[in-house]
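**Q** give me a model of this one.
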Amino acid sequence: MTELYKVKLALFKIKKLIDEGNCSFEHQREKNTRTLAALGILPEDIFQFLLELTPQNYYRGPSTDYDTDEPDCIWEFGLTIDDREIYIKLKLLENFVKDISFHFAENKIEFPFVENKN
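**A** Residues are numbered from 1 along each chain as shown. Reported below is the predicted structural model:
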């Protein structure tokens, strides 16, 4: 598992890049489009949700982008909107962040930094 400080650092970089406008969202992906429509969210509003991510939203990563073979650039998170779990996959590069996935989770997301409440 990735250490907490690495997740915090990644989130700091992600939020800084979003604040600077160095970000994009893959809104043309069908899964993403369907989820946004179901939730009544506009593509440009995605970044507000990303700015609110915390280490408790961390799912897994960093991992390799298998489309480009870039190592350690894929970070995955989850959050709940309207009682639905949302899966988020971000590609974090040196000077840019790209939201690849923002859709209803297809599998259960495990949050390693959330204490079990049982």
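**Q** now the helices: where do they sit in this structure?
**A** 4-19, 30-39, 46-51 (DSSP state H).
**Q** right, and those helices - which one's nearest Cys73?
**A** Between Cys73 and the helices of the chain, the tightest spacing by C-beta to C-beta is seen for helix 4-19, at 10.0 Å. All C-beta spots, glycine's among them, are computed from the backbone N, C-alpha and C.
**Q** and the closest one, what other elements does it pack with?
**A** The helices and strands touching helix 4-19, judged by 3 or more C-beta pairs under 8 Å, 6 or more residues apart in numbering; DSSP states H and E, are helix 46-51, strand 58-65, strand 84-92, strand 97-104.
**Q** run the angle between the third one and strand 97-104 for me.
**A** So the one you mean is strand 84-92. The directions of strand 84-92 and strand 97-104 differ by 160 degrees, with axes from the mean of the first three to the mean of the last three C-alpha atoms, to 10 degrees as the criterion.
**Q** what residue ranges in the protein are flagged as low confidence?
**A** 1, 116-118 (pLDDT under 70).
**Q** ok, the most centrally placed residue in the chain - contacts?
**A** The structure's the chain has its C-alpha centroid closest to Ile88; by C-alpha atoms, centre = their mean the separation is 3.4 Å. The neighbours of Ile88, taking C-beta atoms under 8 Å, 6 or more residues apart in numbering as the test, are 49-50, 53, 57, 76-79, 99, 101-102.
**Q** for Ile46, same thing?
**A** With C-beta under 8 Å, 6+ apart, Ile46 has these contacts: 25, 27, 36, 99, 102.
**Q** ChimeraX command to pick out the buried ones of those?
**A** In ChimeraX, selecting the buried portion of the contacts of Ile46, with burial taken from 16 or more other C-beta atoms under 10 Å, looks like this:
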select :25,36,99,102
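**Q** Ile14 is in contact with Leu50, correct?
**A** Yes. The criterion here is C-beta atoms under 8 Å, and Leu50 meets it with Ile14 at 6.6 Å.
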